[in-house]
Structures are given as C-alpha cells and as structure tokens.
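**Q** Kindly generate the corresponding structure for this input.
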Amino acid sequence: MIAKIGVLTASDRAHAGVYDDASGQAIRDCLAEWLTTKHEIVYRLVPDERATIEAALIELVDKEGCCLVVTTGGTGPARRDVTVEATLAVCHKPMPGFGELMRAVSLKSVPTAILSRQEAGIRYAGAQESDGGALLVNLPGSPRAIRECLEAVMPAIPYCVELIGGPYLETDPAVLVAFRPKKK
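**A** Model (predicted):
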C-alpha cells in the first residue's frame, strides 16, 4: 500500500505565478529525505481564500484518502492569513501540542516566531472508525522554518497517523527517528 500525503500551499502570489512555490517543494524534500515508506504526494496550490483552502483540505482527506496533510503559508497575523482558520474549521479534533512545539522551536531562532499561528488537527474521513482520517499540520511559509518545524514534530507524526487508522509510516532512523511506545 502506498501512503498518500497531501501538501497544500496557500499563497496568492505563488498561485498567480508571481514566483515558484519553494515552500511546497521544501515539504516534499523533507518527506522524501525522512520517510522510507512508499508514499505519493498529492499537491495543491491555492490562493489565500478560506473557502478554497477548506475545500482543498476536505478533498485531500475525504476524496484523495491522504493520511497526512501538511500545509504551508497563511499562518501569520495578516488579514489574508487564513489557513489556520480553514484547518480548524474542517478538523474534528485539535492537536494543540504540534503548534506549541513548533513555536517553541522557532523561538530559539527568531523572536517573531511568536507571531506564527501553526496548528494541527485530525479530520476523520467518514462516520465509521474504519474510514480512517488524517492529521493536518500547518507550517509557516519559509523553507528554512518549514524544515525546522517539521523536523520538530515529525517524530510524533507516524504514531499519530497510526492511531487514527492510517498506514504505518516509517522513517529512516539515520536521519530522523519516529517515536512509538514500546510494546509490553
């Protein structure tokens, strides 16, 4: 089975072709480096429009069957930064620890990290537990910050995905160790 992972970039300018989506590529690069599980990236590039972001997130989980959706962009305080609101609107359970850890890690590098509003949550794909779901994680827009934040939370992502009925994601322990509790 090939795991499907959504990568969604919310950016008016990248969507309009003003510049390339380096942020979305940074996420793909990190996942390719860290994951040994065969996976397919399902990519979306959308403008900073809440309804469009919500629709894309729902599509990635409910129709595409992604077990993980990683977003970039739209986590700041500007009026058009609405990815967080869109994510929380489509999630069934918030996972605040992800955002707390990402901000804590980023604050070691830059004092303005306190302005970042990264969040995470779980969206279930259907009414039955067997329908599975996905973990949605919001990352900032800078490729450097993406790597820093994703590296901080990635050790917990495979186990979280497993707990919500997703596939068993494995990482290359030489570069990033995924945490799973020891079985008794």
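**Q** Flag the shaky bits of this structure, pLDDT-wise.
**A** 127-130 (pLDDT under 70).
**Q** helix/strand/coil for the residue nearest the centre of it?
**A** The centroid of the chain falls nearest to V70 when counting by C-alpha atoms, centre = their mean (2.0 Å). Under the three-state scheme (DSSP: H, G, I helix; E, B strand; the rest coil), V70 adopts strand.
**Q** Please apply the same query to I41.
**A** Three-state call for I41 (three-state DSSP): strand.
**Q** any idea where the strands of this structure begin and end?
**A** Counting by DSSP state E, the chain has strands at residues 3-10, 39-46, 68-72, 93-94, 120-124, 133-139.
**Q** Of those strands, which stretch is the most buried?
**A** Of these, the one with the most neighbours on average (mean count of other C-beta atoms under 10 Å) is strand 68-72, at a mean of 29. (Each C-beta comes from the backbone N, C-alpha and C, glycine too.)
**Q** which helices and strands sit right next to that strand?
**A** strand 3-10, helix 22-34, helix 50-58, strand 133-139 (3 or more C-beta pairs under 8 Å, 6 or more residues apart in numbering; DSSP states H and E).
**Q** if we can go back for a sec, could you list every residue that touches the residue nearest to the centre of the chain?
**A** V70 sits next to 5-8, 27, 31, 136-137, 139, 150 when contact means C-beta atoms under 8 Å, 6 or more residues apart in numbering.
**Q** Max pairwise distance over these: which two?
**A** L31 and L136 (14.8 Å; C-beta to C-beta).
**Q** before we move on, back to that, V177: which of the helices and strands packed on strand 68-72 is closest?
**A** Between the helices and strands packed on strand 68-72, helix 22-34 lies closest to V177; by C-beta to C-beta that is 9.7 Å.
**Q** If you count neighbours, what's buried in the closest one?
**A** 23-28, 30-31, 34 (16 or more other C-beta atoms under 10 Å).
**Q** which helices and strands sit right next to that helix?
**A** On a contact count with 3+ C-beta pairs under 8 Å, 6+ apart, helix 22-34 meets strand 3-10, strand 39-46, strand 68-72, helix 143-153.
**Q** Next, the angle strand 68-72 makes with the last one.
**A** Angular relation of helix 143-153 and strand 68-72 on a 0 to 180 degree scale: 150 degrees, by axes from the mean of the first three to the mean of the last three C-alpha atoms, to 10 degrees.
**Q** Centre of the chain to helix 143-153, how far?
**A** 11 Å (C-alpha atoms, centre = their mean, to the nearest Å).
**Q** what is the orientation angle of it with helix 22-34?
**A** 40 degrees.
**Q** helices or strands up against helix 143-153?
**A** helix 22-34, helix 96-107, strand 133-139.
**Q** Can you lay out these as CSV showing distance to V61?
**A** Converted to CSV, those look like this (distance: least, C-beta to C-beta, whole Å):
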stretch, distance to V61
helix 22-34, 17
helix 96-107, 17
strand 133-139, 4
